[in-house]
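>>> For reference, the sequence and a predicted model appear below.
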Amino acid sequence: MRPSLALFAVLPLIACGPIPRAQAEQACFERARLAEQPRGELGVGIGPDGRKQTFGEITFSSDYLQGKDPDQVYTNCVYHRSGEMPTRPYSSIPARRS
């Protein structure tokens, strides 16, 4: 017996359903951090062959470039993903500056 075509049409919609608020808050935290300011790293070292090596990376978001408020980005993201408002605003999360 073959699964109905309707089941396959509904499966992608199930994957897009709301997630628990705590999970949404965790997922939206980094998005809000990137709206606050770009993140990056730069390194210099000596490779195994004795040559100087450098590397760098910078990450920024369109939210940052558009000047969006990180608190509003966080609130909108959590609401969009979970259907609920966050338990507290992004600006009140103590570890956000690390």
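Looks like it came in fine.
>>> remind me, longest helix of this protein?
Here the longest helix in the chain is taken by residue count, with DSSP state H as the criterion, and it is helix 21-36.
>>> just checking, what packs against it?
Using 3 or more Cβ pairs under 8 Å, 6 or more residues apart in numbering; DSSP states H and E as the contact criterion, the neighbours of helix 21-36 among helices and strands are helix 62-65, helix 70-82. For the C-beta atoms, the positions are set from N, CA and C on the backbone; glycine is no exception.
>>> I'd like to know which of the ones you listed lies nearest to residue 39.
Taking Cβ to Cβ, helix 62-65 is the member of the helices and strands packed on helix 21-36 nearest to residue 39, at 9.8 Å.
>>> For that closest one, list every residue counted as buried.
Using 16 or more other Cβ atoms under 10 Å as the test for burial, helix 62-65 gives 63-64.
>>> go on, stretch 28-44?
Judged by neighbour count using 16+ other Cβ under 10 Å, the buried positions of stretch 28-44 are 28-29, 31-36.
>>> picking that back up, right, and the helix or strand after the longest helix of the chain?
The helix or strand immediately downstream of helix 21-36 is strand 39-46, counting by DSSP states H and E.
>>> what's that next one packed up against?
strand 52-59.
>>> Contacts for the strand it packs on next, please.
By Cβ atoms under 8 Å, 6 or more residues apart in numbering, the list of residues contacting strand 52-59 from outside reads 34, 38-47.
>>> So what are the sheet partners of it and their directions?
Strand 52-59 has these partner strands in its sheet, going by DSSP bridges: strand 39-46 (antiparallel).
>>> related to what we said a few turns ago, of all the helices and strands packed on helix 21-36, which one comes closest to residue 89?
helix 70-82 (5.1 Å).
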